[in-house]
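Novice: Please work out how this folds:
(one chain, ligands or ions: 2)
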Amino acid sequence: MTLSVSHSNPSLQADLQITGSKSESNRLLILQALYPNISIENLSNSDDTQVLQKALEQGDGLIDIHHAGTAMRFLTAYFAVKEGCEVEITGSKRMKERPIQLLVDALQRMGADIEYLENSGYPPLRIRGKKLHVDSVKLKANISSQYISALMLIGAALPKGLEILLEGPVTSTPYILMTLEILQNAGLKGKFVHDRIFIEPAKEIAPVSIAVESDWSSASYFYSLAAISDSAEIRLSNYRKDSRQGDSALAEIYKNFGVETKFQGNSIVLKKSSQQRARSIKEDLRNSPDIAQTIAVTCLALGVECELKGLHTLKIKETDRLQALKNEMEKFGARVKITDECLKLYPASSLNTQVKVATYHDHRMAMAFAPLALKVPVQIEDAGVVSKSYPDFWKDLNSLGFKTEELV
Ligand SMILES: O=C(O)C1=C[C@@H](OP(=O)(O)O)[C@@H](O)[C@H](O)C1
Ligand SMILES: C=C(OP(=O)(O)O)C(=O)O
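Specialist: Ligands and ions are numbered 1, 2, ... in the order given. Take a look at the predicted model:
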């Protein structure tokens, strides 16, 4: 489905509740499967959470996790320790191109029984769950933090707990800290000091209820909308000042574009009241890779030059996000240079109109480019991809006065 997206009033007002964080939800679902005493509030309604939940209910046989990276990585570790279970985990065509070798190697060194069913190093996998006795493992830490979180989530269920020794620079660190905090909220014990993580063993935990905060990565599109608008007051509920999510860095980053964040009770209010903004920005996003597309498109809309670095993980996400950003931003007339970890944007003085934005099966391409409609009407191809993390995205955009129309 291609959607044409337009907007005629550059002044935005809304009061919304975005669904729960898929990162927090997927960690909690794995922990709940290991420790049934956990109850979860405000679970994400994203596809990525639903496929994980279904896989856990299914418990064995053929499991298809579609595009969900966290589900693939977390379930690999989970089923490796689920004695007596045998599963085949597969996913979308793209999932079969997203590497998992570092995690599989680590689990195999711990004694796990995992086989590659097509290409070595990539899903699909066959896993026969068994008791793992090795309690210390080394792991290269700059490819994906999801491998580390996956091991942390099963650590407490191992007989002697688990020590994880991180090798080399660490990427996406806030996601590792999120895992640790969630373990601690559940009453489990762990620590992360320098390059060593240790998770203490625990057979059971006391009953506990844990609330999922709304998703900050999804909030990024409203930051972008506020930045591009003439004026905005957007209230988003169920956010915390002391968030576990690294993408809460948005509040600081969007000051560059005149967007102020006020924390009021359990809500954030994004306010744009001045047209002042930086002429160019430089950001290192190694801790918040999922907001790179949002920030790049905000800059494209506002004619702000930008240099984004720390983007080395973007090539192995839902698509090669660096190449996808370059292709699509150039359609609007911008000049874009990319390397393996950096993107430089030189926007044009005006934006080309009626551009068809390709989305490459990547929810964030669709959502990052939609706010451009405040400047020029845009067409977003395969607009349904948003359901990977934010199924209500288009509905929420409509509530801000955007017109969306399906093209045939
Ligand atoms: O642990 C998580 O929930 C995530 C970690 C990040 O991945 P990498 O660690 O692979 O960068 C992030 O991009 C992804 O959307 C979610
Ligand atoms: C990279 C993402 O997800 P995953 O790696 O879990 O597929 C994302 O949501 O931007």
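
Novice: switch to C-alpha atoms for all contacts and neighbour counts from now on
Specialist: Noted.

Novice: For Arg47, which non-adjacent residue is spatially closest?
Specialist: No Arg there; residue 47 is Asp. Leaving aside its sequence neighbours, Asp47 sits nearest to Lys388 (Cα to Cα, 6 or more residues apart in numbering; 4.7 Å).

Novice: That neighbour is in contact with His363, isn't it?
Specialist: Yes - with contact defined as Cα atoms under 8 Å, Lys388 reaches His363; the gap is 6.2 Å.

Novice: so when I look at Lys138, I'm seeing a strand, right?
Specialist: Yes - read with DSSP: H, G, I helix; E, B strand; the rest coil, Lys138 is one of the residues of a strand.

Novice: if I pick it, what's in contact with it?
Specialist: 106, 164-167 (Cα atoms under 8 Å, 6 or more residues apart in numbering).

Novice: Could you turn the buried ones of the residues you listed into a ChimeraX selection?
Specialist: The following ChimeraX line selects those of the contacts of Lys138 that are buried, judged by 16 or more other Cα atoms under 10 Å:
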select :106,164,165,166
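
Novice: and which of the contacts of Lys138 is nearest ligand 1?
Specialist: Nearest to ligand 1, judged by Cα to the nearest ligand atom, of these is Leu166 at 13.5 Å.

Novice: before we move on, the earlier item: what's the overlap in contacts for Lys388 and His363?
Specialist: With Cα under 8 Å, 6+ apart as the test, Lys388 and His363 reach no residue in common.

Novice: quick one on the thing from earlier: which one of the contacts of Lys138 is nearest Val208?
Specialist: Within the contacts of Lys138, the smallest distance to Val208 is 26.2 Å, found for Ile164 (Cα to Cα).

Novice: Report the contact partners of that closest one.
Specialist: Each residue near Ile164 by Cα under 8 Å, 6+ apart is listed here: 136-139, 148, 151, 196-198.

Novice: Could you look up the SS state of it?
Specialist: strand.

Novice: okay, now whichever residue of the stretch 301-408 of the chain sits closest to ligand 2: neighbour count?
Specialist: Here the stretch 301-408 of the chain gets closest to ligand 2 at one residue, Lys317, 4.9 Å apart by Cα to the nearest ligand atom. By the criterion of other Cα atoms under 10 Å, Lys317 has 21 neighbours.

Novice: For the remainder of this discussion, apply numbering that starts at 38.
Specialist: Sure thing, new numbering starts at 38, so read that last one as Lys354.

Novice: And it, its phi and psi?
Specialist: Here is the backbone geometry of Lys354 (degrees, to the nearest 10): phi -90, psi -150.

Novice: Same question for Val341.
Specialist: Here is the backbone geometry of Val341 (degrees, to the nearest 10): phi -100, psi 130.

Novice: doesn't Ile332 make contact with it?
Specialist: No - using Cα under 8 Å, Val341 makes no contact with Ile332, being 10.3 Å away.

Novice: And the residue of the stretch 338-445 of the chain closest to ligand 2, how close does it get to Leu382?
Specialist: Remark: distance between Lys354 and Leu382 (Cα to Cα, to the nearest Å) = 21 Å.

Novice: Could you pick out the residues of this structure near ligand 2 for me?
Specialist: Neighbours of ligand 2 within the chain, by Cα under 6 Å from any ligand atom: 104-107, 327, 354-355.

Novice: if you set the cut-off to 5 Å instead, what comes out?
Specialist: Residues of the chain lying near ligand 2 by Cα under 5 Å from any ligand atom: 105-107, 327, 354.

Novice: if I look at Glu237, how far off is Leu112?
Specialist: Using Cα to Cα, Glu237 is found at 20 Å from Leu112.

Novice: out of those two, which sits in the busier spot?
Specialist: Taking other Cα under 10 Å, Glu237 and Leu112 do not tie; Leu112 has more neighbours (24 against 17).

Novice: Please consider this matter closed, and thank you.
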